[in-house]
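Engineer: A predicted structure for the sequence below; I have some questions about it.
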There are 2 protein chains.
Amino acid sequence: MSENVAVIGVGHSKFGSRKDVNIPELAWESIKPALDSANIEQKDIDFFVVGNAGVWSSEAAIPALMAEYADLAPKGSMRVEAACATGNAAIRVGYQAIKSGEADVVLVLGIEKMQESPNPTVIELIGRFGSYFWEFENFGLTFPGYYALHGTAYMMKYGATEEDYARVAVKNHYYGAKNPYAQFQKEVTIEKVMEPKYVAWPFKLFDCSPITDGSACVILASEEFAKDVEDKIWIHSQGVGTGTANLSRRSDFTSLESARYAAELAYKRAGIDMDAPYKYLDGANVHDCFTAPEIIAYEDLRFAKRGEGVQLIRDEQTYIGGRIPVNVDGGLKAKGHPIGATGVSQAVEAYKQLLSKAEPGRQAEIKHGRWLAHNVGGTGHYSYVTIYGLEKLKK
Amino acid sequence: MSENVAVIGVGHSKFGSRKDVNIPELAWESIKPALDSANIEQKDIDFFVVGNAGVWSSEAAIPALMAEYADLAPKGSMRVEAACATGNAAIRVGYQAIKSGEADVVLVLGIEKMQESPNPTVIELIGRFGSYFWEFENFGLTFPGYYALHGTAYMMKYGATEEDYARVAVKNHYYGAKNPYAQFQKEVTIEKVMEPKYVAWPFKLFDCSPITDGSACVILASEEFAKDVEDKIWIHSQGVGTGTANLSRRSDFTSLESARYAAELAYKRAGIDMDAPYKYLDGANVHDCFTAPEIIAYEDLRFAKRGEGVQLIRDEQTYIGGRIPVNVDGGLKAKGHPIGATGVSQAVEAYKQLLSKAEPGRQAEIKHGRWLAHNVGGTGHYSYVTIYGLEKLKK
């Protein structure tokens, strides 16, 4: 058993439209640098877990495929899925495998190849990650619509405007432009975001995260294995919550209850004061599948009080130098959102930020040595919050 | 952290063609008795994991669906998949969650509703759990064909006959007839098995496990939580292995390398002598998706030497009273094979057998207090071997 679990290596593919590669090739783009940065070989790996939603791919057996292609057989494996929180769910399986003593070194791969699936099929398939039988099938809601319900509720209750949501896109595109792995590397202005037609009011094109192909990989290791590794970070805690399948069963559309629950668990276990957790964190990645949910995430994570999240983005408090830098890799919005890879990509970002290895112009100041990742599946159907630290967690 | 993890409650739906229920109703058929037998309520559960392959179902978000229907929100959850070993993979996630100290009580649900999908679509979808891109797409192999390659190789090398394979069906239908949860509760004779036309030589209808709807559920708990629970068994060890995606990359068709690897790990961790593990076990459930692989499993699990597995079934040594009773619940063959539920159903069987709660005529003699479950995904793409014990593992 290993009380502490380290991230000892990371890899990240270019996110975007990756019709130039097949699934194993796309996976290898992140596996290879992860093995190299951890300075290990395949034989050192005890177990591997693949985060992949995969309903749009022809290949159903990606762990077996990678066992062969990346020479990981006969080591054990599985695939995990929690809708758009799939990547962080995969990290949880790796984390627990090591913490339980069942493995010393685990490779966690997050991968999705979504552009294989023709539009609008991919939109329908994503839509099923809510409640298929009732709200999806009967009302025809897809994800822009699901989250627009939250976006409009927040506008009604707290006076946010479409321009406020646009500010989130402007920030995330600003940092995406500095991230060579991002799908979109172009800055946008508020005017540019306001220009296109509505996808689902109040969301326009630039309020939505894109359909993305990509992979990300982390190598997790026990305290014993990690002791001689120079570049590493630690998993301090994880909190997980599940929401109801039907949004009509929720009491509140200006918050995701499962995310608040997951955050509470994670803060408690990491010894972080829930009144002002930003005083303990150097930055965060939150699940900005649309612009409005980034603001809701500020509040669910207690970076701001209820109703005051919108003020954070107005005041540029989630830029580097502000109260807490958020999504300074571009977020789902500009970096892209290959579903199974997103949560793993957040871990890669925590590693790079905490070790001050982020690209020029997007490195946060590291004072507290802690970074938070918030990964949401469906519309709060699954919420995973993971806190990473530069040093081991002090008990 | 909990060095020892217990199974404190179990539930099992009727397996078969379950067009009378939808997915949450089918799940509840096993969740309810699992909660009841563990004598707990939903609030006691810290985390739940769903084993579900699910490519044939409309519903993509079964954990969220069950969070609502079974009142498990806001507790954390995820879905796991390892083809036909999905159920045991889900148990692994629950096991590690408790052993790592991240949870005290975990609900593990295995569920599949396969008859929703029209034939031959379901056969194609199962076929993708090999290597889609190469062997499935180019050669058109589906699972009867994949395993027939193994069945014929074993016949050629060791002189097994079609009648020998029929003996496995005869045994498993014999016990299935005594299991009220089984899909097929009718005995068959060798002559009956030999009668139908070939599905894929040497397999005929009764050599194949059926397409099944069903669910199974176990409640896992930490040593501390389980201490006052009367009826419980313990997880002694688990071994996991992965095979190559393409069968053409395998060196041997009379064995599944990943299963041998998983068995070695499981025996070693449970302190069981690999020369004669059957001397430590009261019985086993093996992955008899077809008749021939049950015989291959005897050898991969070291119940017999290489080439001698067939003699075990000829001599009725895997009936109750023989060397080691195998699949005395009917196995996948007669009980049915709802993919995500199968590995969990094996755990339910281990609980019932070790606690001497099996139905009349199919209760094995419990002398050693250990039961083995062998769950294979694809054609050895994923192998999971779990050993359960009536007492805690002595170190």
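Structural biologist: That came through fine. Residues are numbered from 1 along each chain as shown, chains lettered A, B, ... in the order given.
Engineer: got phi/psi on whatever residue of the stretch 101-250 of chain A ends up closest to chain B?
Structural biologist: Using C-beta to the nearest C-beta, A:Val240 is the residue of the stretch 101-250 of chain A that sits closest to chain B, at 2.6 Å. (C-beta placed from N, C-alpha, C; glycine too.) Here is the backbone geometry of A:Val240 (degrees, to the nearest 10): phi -140, psi 140.
Engineer: partners of it in the sheet?
Structural biologist: A:Tyr384 (DSSP bridges).
Engineer: give the contact list for it.
Structural biologist: A:Arg92, A:Ala262, A:Leu265, A:Tyr382, A:Ser383, A:Tyr384, A:Val385, B:Phe47, B:Lys75, B:Gly76, B:Ser77, B:Met78 (C-beta atoms under 8 Å, 6 or more residues apart in numbering or on different chains).
Engineer: tell me the pLDDT of the third one.
Structural biologist: According to the per-residue confidence, A:Leu265 scores 98 in pLDDT.
Engineer: in space, what's closest to it - neighbours in sequence excluded?
Structural biologist: A:Gly239 (3.0 Å; C-beta to C-beta, 6 or more residues apart in numbering or on different chains).
Engineer: which parts of the stretch 151-300 of chain A sit against chain B?
Structural biologist: Within the stretch 151-300 of chain A, the residues that sit near chain B (C-beta under 8 Å from any C-beta of the partner chain) are A:238-246, A:249, A:257-258, A:261-262.
Engineer: any idea which of these has the most stuff around it?
Structural biologist: A:Ser258 (34 neighbours; other C-beta atoms under 10 Å in any protein chain shown).
Engineer: ok, the residue nearest to it when sequence neighbours are not counted to B:Asp315 distance?
Structural biologist: Leaving aside its sequence neighbours, A:Ser258 sits nearest to A:Gly241 (C-beta to C-beta, 6+ apart; 3.5 Å). According to C-beta to C-beta, to the nearest Å, A:Gly241 and B:Asp315 sit 54 Å apart.
Engineer: can you name the next helix or strand after the lowest-mean-pLDDT helix or strand in chain A?
Structural biologist: Every helix and strand of chain A was ranked by mean pLDDT, DSSP states H and E. The lowest is helix A:137-139, at a mean of 76. Later in the chain than helix A:137-139, the nearest helix or strand by DSSP states H and E is helix A:143-158.
Engineer: for that following helix, packing partners?
Structural biologist: Packing partners of helix A:143-158 (3 or more C-beta pairs under 8 Å, 6 or more residues apart in numbering or on different chains; DSSP states H and E): helix A:121-127, strand A:198-200, strand A:203-204, helix A:291-300.
Engineer: check the offset of it from the chain's centre.
Structural biologist: Taking C-alpha atoms, centre = their mean, to the nearest Å, the mean C-alpha location of helix A:143-158 is offset from the chain mean by 21 Å.
Engineer: what mean pLDDT does it get?
Structural biologist: pLDDT averaged over helix A:143-158 gives 96.
Engineer: okay, the angle between that helix and helix A:291-300?
Structural biologist: Going by axes from the mean of the first three to the mean of the last three C-alpha atoms, to 10 degrees, helix A:143-158 is angled at 50 degrees with respect to helix A:291-300.
Engineer: quick check: nearest residue in space to the residue of the stretch 251-395 of chain A found nearest chain B, chain neighbours excluded?
Structural biologist: The nearest approach of the stretch 251-395 of chain A to chain B comes at A:His381, 3.8 Å away (C-beta to the nearest C-beta). Leaving aside its chain neighbours, A:His381 sits nearest to B:Ala64 (3.8 Å; criterion: C-beta to C-beta, 6+ apart).
Engineer: which ones are touching the one you found?
Structural biologist: Neighbours of B:Ala64 in contact, by C-beta under 8 Å, 6+ apart: A:Ala83, A:Ser131, A:Thr242, A:Gly243, A:Thr244, A:Ala245, A:Gly377, A:Gly378, A:His381, A:Tyr382, B:Ser77.
Engineer: in helices only, show me those residues.
Structural biologist: Of the contacts of B:Ala64, none are assigned to helices by DSSP state H.
Engineer: so among the residues you listed, where is pLDDT lowest?
Structural biologist: Lowest in pLDDT among those is A:Ser131, which has 75.
Engineer: which residue packs closest to that one, ignoring adjacent ones?
Structural biologist: With C-beta to C-beta, 6+ apart, the residue lying closest to A:Ser131 is A:Ala245, at 3.9 Å.
Engineer: just A:Val229 next, same as before
Structural biologist: Excluding the flanking residues, the one nearest A:Val229 by C-beta to C-beta, 6+ apart is A:Ile8, at 4.6 Å.
Engineer: can you give me the strands for the stretch 251-395 of chain A?
Structural biologist: Per DSSP state E, counting those that start in this stretch, the stretch 251-395 of chain A carries strands over the ranges A:283-285, A:370-377, A:382-389.
Engineer: how about the stretch 51-200 of chain A?
Structural biologist: A:76-81, A:105-113, A:198-200.
Engineer: now the ones you listed in CSV, with distance to A:Leu26?
Structural biologist: Shown next, in CSV, are the strands of the stretch 51-200 of chain A (distance: least, C-beta to C-beta, whole Å):
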stretch, distance to A:Leu26
strand A:76-81, 16
strand A:105-113, 6
strand A:198-200, 27
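Engineer: mean neighbour count for those strands - can I get that in CSV?
Structural biologist: CSV is the format used below for the strands of the stretch 51-200 of chain A (neighbours: other C-beta atoms under 10 Å in any protein chain shown):
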stretch, mean neighbour count
strand A:76-81, 31
strand A:105-113, 30
strand A:198-200, 17
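Engineer: nearest to A:Arg362, of the ones you listed?
Structural biologist: strand A:105-113 (21.0 Å; C-beta to C-beta).
Engineer: since that was my last question, I'll sign off now.
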